[in-house]
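> Provided below are the primary sequence and the corresponding predicted coordinates.
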Amino acid sequence: MGTGHRALGPAAVTAAVRKFFPDAEVPLADYAGLIAGMPGDDPDDRVHMAAAVAGRATHIVTHNLSDFPAAHLAEHGVIVTDPDTYLCELFGEFGDEVTSTVVRLAGEKRNPVVDLREAEETRAGDEVYSMEEVRPACRSTASSPS
């Protein structure tokens, strides 16, 4: 990865989530009985679905949409969405906060991908969009059928 960034492993992500969201952990006893009733062939996915239902999560955010049946989870009040759509929803609801957070996080990087002056732009492939252009794009994504 020539950018100087490295992805966090699962253990590091888990540790960070537990540190910053200590009240978000769902005890196994709360969802163990739900696991067998969750759809799908992947035991790990069924565990995540059961924990989300038991913990009254509003969303499961994943790139792996096909392994998390939206209709089944919607019956339990859980929305299955991809990260881009979720971030667009957050941007639509809290645009200024999302923008300031992106700028702050970019400024904290030792080797940022973009110059801090460019941090208010979001890149998609070779195209560059200003935050003013992102708002309508997010609106159209959010209104598209999943």
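The structure has been received and is ready for your questions.

> Tell me how many other residues crowd Asn64.
Neighbourhood size, Asn64 [other C-beta atoms under 10 Å]: 11. Yep, even glycine has a C-beta here, placed from its N, CA and C like the rest.

> Spatially, what comes nearest to it if we skip its sequence neighbours?
Distance criterion C-beta to C-beta, 6 or more residues apart in numbering; nearest residue to Asn64, sequence neighbours excluded, is Asp45 at 7.7 Å.

> Okay, and the one you found sits in which element?
Element membership for Asp45, per DSSP states H and E: helix 43-54.

> sorry, back to before: may I have the predicted confidence score for the residue nearest to Asn64?
For Asp45, the pLDDT comes out at 95.

> Please, where are all the helices along the protein?
Taking DSSP state H as the test, the helices found in the chain are 10-20, 28-31, 43-54, 70-74, 83-108, 131-143.

> Rebuild the ones you listed as a markdown table, extending it with distance to His63.
Below are the helices of the chain laid out as a markdown table (distance: least, C-beta to C-beta, whole Å):
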| stretch | distance to His63 |
| --- | --- |
| helix 10-20 | 14 |
| helix 28-31 | 23 |
| helix 43-54 | 13 |
| helix 70-74 | 14 |
| helix 83-108 | 7 |
| helix 131-143 | 15 |
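
> Make a markdown table from those and add mean neighbour count and distance to Val61 to it.
Formatted as a markdown table, the helices of the chain follow (neighbours: other C-beta atoms under 10 Å; distance: least, C-beta to C-beta, whole Å):
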| stretch | mean neighbour count | distance to Val61 |
| --- | --- | --- |
| helix 10-20 | 10 | 12 |
| helix 28-31 | 14 | 18 |
| helix 43-54 | 19 | 10 |
| helix 70-74 | 14 | 12 |
| helix 83-108 | 14 | 5 |
| helix 131-143 | 14 | 14 |
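
> one step back: which ones are touching the residue nearest to Asn64?
Contacts for Asp45 were tallied using C-beta atoms under 8 Å, 6 or more residues apart in numbering; they are Met38, Asn64, Asp67, Phe68.

> ok now stretch 69-87, how far from the chain's centre?
Put simply, stretch 69-87 sits 11 Å off its chain's centre (C-alpha atoms, centre = their mean, to the nearest Å).

> Repeat that for stretch 63-79.
The chain centre lies 14 Å from the centre of stretch 63-79; the measure is C-alpha atoms, centre = their mean.
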